[in-house]
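Asks: Fold the following, please.
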Amino acid sequence: DQSIALLDVAAEHDAHRLTPRPLMASEVKELVIAFLGSERIPNDLVEALVRRGEGTPLIIREYLLALLEGGALYPTWIGWSVDLSALRRLDLPRDILSLGMLRIDSLSARTRETLAHAAVWGERFTLEGLAVVSDLRRRHLGGVIAEGMEAQILEGEHGGTLHFTHERFRHALLNELDRDEQRASHRAIADWLARQGDAVSIYDLARHTLAGYRGIDHERVYRACMAAGEAAIASFADTEALAFLSAAVEAGRTGRIQLSGDLLERLGGVCLRLGRLNDALQNFGAALEGHRDRIARARVWSAIADAHLQANDYQAAHGALLTAFETLQLPYPKASPIEIVRTLWMLFVAMFLFSIGRGEGRAKDSERDRLLLACDLLHNLANLAYSEYHTRALELLQASIRMLYIGHALGPSPMYVSALVAQSVTFEMIGVKRLSRRYIDHAEAVAERLRSPAVHGSVTYYRALLSDLTGDSHTAEAYFWQTLERYGDWLPAWTYATDVATFAQQLVARGLHRQAEPLLDELLSRLGDDLSDPTRGNPLVALLGGIIAAAYGTVGRNELANAAIGRYRDLVERNVSDRVNWTICSSYRAYLMCERGELGSGLDAVFSTYEQRGVPPSKAPPHASVAYTYLALARLSQWYAAEDHERPRRHEQLELAIRDVRKGARTATDRGTLLVLEGWRSWRRGDVAKAIAQLSTADDLARAQVVPSVRFHAARLRAHIHAAIGNPETAADEARIAVDLAQERGWVFRVRWIRDDMRPDAPLGRIVSTLGRRGQPSWSRMLSRAAAAAAKGEGSGSGSGSPRFSVGSSSVHGTLDIRQLGHLNALLEVSLAAASASSLQDLGETVLGVLSRVFNAERGFLLLCGPTDDLQTISGRATDGTDLTRRGGYSRTVVEQVRLTRDPLVVTGTEDGVVLGSESVITQDLRSILAAPLLLRERLVGVVYLDNGVAAGIFTRRDAQILQAIASQLAIAIEIASTTDSLTHARDQALAANRAKSAFLANM
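Replies: Residues are numbered from 1 along each chain as shown. Model prediction:
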């Protein structure tokens, strides 16, 4: 053994083994400061490392590395922050885990058995919970806990809760129980939880009931899981709802319990929102068998149509909608004179009542369910008609008008908002901008009254779409970010995917591929699809394949781009009637070929099939306008590469493509590209001055709206024009601009385009090459070096990554999202407020305003500790500026818990936070609460409290961490402000005393 041999050698040389003493807390702190390079480190991090590191520097270092690599230890503007709960889940080195396993082995048999049963509870448990699964008396349980804490297997929390120091330790203990023993403990826990009534988590009750009574008491499992599933749906926790409802259905079928159509319908709806289309259709089919009510059956048929729509099966979707209309006995808006007259009458009535502000919500209560379902059917029909715009444009118009009529009668509802938005888009498309703005503004007002984040998100998304269609890319981008960052968590999978794809399409069209790339990465991750296996991929990804291919292909992620466009092509080839998607697919195939310089017969074949199956711009929906832009740019590239004898044919093809762009140009990208193409036409017709002016206008538009792709094409064309008219220096300058843009934006292939333009046998290259013969630097060599530099960043073609560029201190793959930037800005604003505040009141109002805006809170309160440690409200305000200092209205339960535990607290209806059922939470209708303690050197200064009554899940654990960081900064600011107030008061008293003394002496 090498260790023994080493000791023998040491003994021969009179060497002695030194046993270092464990590091003290102050020494651990010094070690952490040296490791992180900052003195601003969390005290709780040091305390945790003292407990777990055994005073050994190497173990402490391994813990720090694990925290950093796991993202649980991260820098902020005020120092380092840590999520200590992650310590229990981190992938720690084997040596440290082995130490933990040795500690488990050293426990007494009684302690190991008791803690094994405690592990059945989960990550956390209490002394009372431990008594539920153990036969030991309370005094003996205390000894078990003490032994577990001494072995560093357990840690205590505020409020008497205990947790295992690492999830691996919990599993090791749990594995000491056989399956029957574990199930017995689950049953004991479920029985105890059931006796507690509403005081316990419905999810914990369902989880332990399922684990303990599965296969034993089907009725009990069915009821518990169904209740938990319904609660999860209400809290927008669809993944959890799927697990619980699936378990309820399994228990019902095994126990031969009559499954209700409502349960199967809800399960189908959850599957649909998660993008599990086949499961959704299967559950909806079973729900039809359980429903006998006409309205319920029509509702299920509408959901079936929605599932087929998402699967791009338009024929099946249309058949389901026809059945739904027939079941509900609702007239289908077909293109017959009677139905058209009926639709026009509805339009007149709806617009008249809307203009005079009367009749909204006039529907009778007995009619509401039927009208809501009618709206849902019309909404699905509108989506189908939009997808088949070239044949169903009239159905789309009729469906949107009838939705408006019925929605107005219903009053405030999600369907009414959808109808208002649809009508706004219609007015925008026909050029009635004033009415378009009025309808979208009213839709937002209705969404505000509904207080639904999902509905808010829908309105914001359509504002982005309308802004983009009117050429305002800047405003559209802001609305798109707002949709995804503020409301994305509440959107169903299909809606979220559509919103991300639309935004990514806009970014790609503008040339902002690097901004689109992380969005699509996150979307694929959320949909659980890495493009590796088309047979097991998410069906939503296939429909978005063109956008994904364009974004990835431009920055060199070739394998992923090929996989994405292949899926999209397979999808549209299976549906021969889907001419709109065939047009879009053809444009993305042309785009990719053009990027890679494949401008020959393969690209001609794409154009040939497009001309056979595609739709003209006059029959294409608005979002397809970019397809004609891509096709025209591909034709322009073919013209650039054409030999002299091919130029006339390529010229004619490009003229036809420009005509199509002119008919459908809507967005800033379309309009800017059209100006470039019109500049080409003017040049070829001999009007160089007009061509240069048009390209200058295109540049101005591209700079104003941030469309670098238009700037690139304008610079490239100007290089050709100046070369042709004998201005080689200017041509070289324009080519250099194009190369710089390509390198800056990561367009790995477009540098090669310019290099090909500069080849000696090309028109541009022949002229510019004269620069080298005049003794000036060779521009061709410069371009070759630039192309080589770009090629180094394009990767191996394996899809492993794209070229990176820095934004601030991080690469584009690590850029902060809008929400994180808002958090950092909040830290800065709190610091500025602390520096400029003249009093505590002034500081409180400023800080609450900042926090309410950043965290989307409706109200905020700042409470400070008084002389007797009781909390007093220093400042309170609502988002509209209302002073709430005296009125109060916050949850005292939450504030008290934060005061006692000194930990931040999230109260929400999702798994991401605690759920409280206290009286103050219920009476104030507070569905989301975020609170954090103000701590200064472990002394409680106060509590900062935010709430929102919009919906469950507004705040997350990440928000709590950020608020805690801000609260630490705020505590320092409050201490300074308090000291300033005290000094000011003392100074005023001294001045008053001096004045009184002077007056007294003057009167003597």
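
Asks: In contact with the nearest residue to residue 471 once chain neighbours are set aside, which residues?
Replies: Spatial nearest neighbour of residue 471, chain neighbours left out: residue 668 (4.8 Å); criterion: CB to CB, 6 or more residues apart in numbering. C-beta: built from backbone N, CA, C; applies to glycine. Counting by CB atoms under 8 Å, 6 or more residues apart in numbering, residue 668 makes contact with 468, 471, 472, 473, 510, 701, 702, 705, 707.

Asks: Now a ChimeraX select for only the buried ones of these.
Replies: In ChimeraX syntax, the buried subset of the contacts of residue 668 is picked out as below (16 or more other CB atoms under 10 Å):
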select :468,471,472,473,510,701,702,705,707
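
Asks: will you turn the contacts of residue 668 into JSON lines that also has pLDDT, secondary structure and distance to residue 134?
Replies: Below are the contacts of residue 668 laid out as JSON lines (pLDDT from 0 to 100; DSSP: H, G, I helix; E, B strand; the rest coil; distance: CB to CB, whole Å):
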{"residue": "468", "pLDDT": "93", "secondary structure": "helix", "distance to residue 134": "63"}
{"residue": "471", "pLDDT": "90", "secondary structure": "coil", "distance to residue 134": "70"}
{"residue": "472", "pLDDT": "92", "secondary structure": "coil", "distance to residue 134": "66"}
{"residue": "473", "pLDDT": "92", "secondary structure": "helix", "distance to residue 134": "64"}
{"residue": "510", "pLDDT": "95", "secondary structure": "helix", "distance to residue 134": "64"}
{"residue": "701", "pLDDT": "95", "secondary structure": "helix", "distance to residue 134": "74"}
{"residue": "702", "pLDDT": "94", "secondary structure": "helix", "distance to residue 134": "72"}
{"residue": "705", "pLDDT": "93", "secondary structure": "helix", "distance to residue 134": "68"}
{"residue": "707", "pLDDT": "95", "secondary structure": "coil", "distance to residue 134": "68"}
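
Asks: Now the two most distant members of the contacts of residue 668.
Replies: Greatest spacing in those, by CB to CB: 468 and 702 (15.1 Å).

Asks: Which SSE is immediately downstream of the host helix or strand of residue 315?
Replies: Taking DSSP states H and E as the criterion, residue 315 maps to helix 314-328. Next helix or strand after helix 314-328 toward the C-terminus (DSSP H and E): helix 337-356.

Asks: how about residue 38, what does it touch?
Replies: 75, 79, 80.

Asks: mind running it again at 10 Å?
Replies: By CB atoms under 10 Å, 6 or more residues apart in numbering, residue 38 lies in contact with 32, 75, 79, 80.

Asks: Just give the nearest non-adjacent residue to residue 442, would you?
Replies: Residue 442 sits nearest to residue 420 (CB to CB, 6+ apart), 5.6 Å away.

Asks: Surely the one you found and residue 403 touch.
Replies: Yes. Contact status for residue 420 versus residue 403: in contact at 9.0 Å, counting by CB atoms under 10 Å.

Asks: So for the helix holding residue 315, mean pLDDT?
Replies: The pLDDT scores in helix 314-328 average 94.

Asks: and if you look at stretch 622-639?
Replies: According to the model, stretch 622-639 has a mean pLDDT of 94.

Asks: mind listing what the residue nearest to residue 442 touches?
Replies: Taking CB under 10 Å, 6+ apart, we find residue 420 in contact with 354, 400, 403-404, 407-408, 438-447, 459, 462.

Asks: do residue 411 as well
Replies: 359, 360, 361, 362, 363, 368, 446, 449.

Asks: For these, which entry has the maximal number of neighbours?
Replies: Neighbour counts for the contacts of residue 411 (other CB atoms under 10 Å) peak at residue 446, which has 22 neighbours.

Asks: List the buried residues in the one helix or strand it maps to.
Replies: In this assignment (DSSP H and E), residue 446 forms part of helix 433-450. For helix 433-450, the neighbour count (16+ other CB under 10 Å) marks 435, 436, 438, 439, 440, 442, 443, 444, 446, 447, 450 as buried.

Asks: Let me have the residues you listed in CSV, extended by distance to residue 378.
Replies: Converted to CSV, those look like this (distance: CB to CB, whole Å):
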residue, distance to residue 378
435, 20
436, 20
438, 22
439, 17
440, 19
442, 19
443, 16
444, 21
446, 17
447, 19
450, 19
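
Asks: Kindly indicate which of those residues lies nearest residue 247.
Replies: residue 450 (31.9 Å).

Asks: Noted, bye for now.
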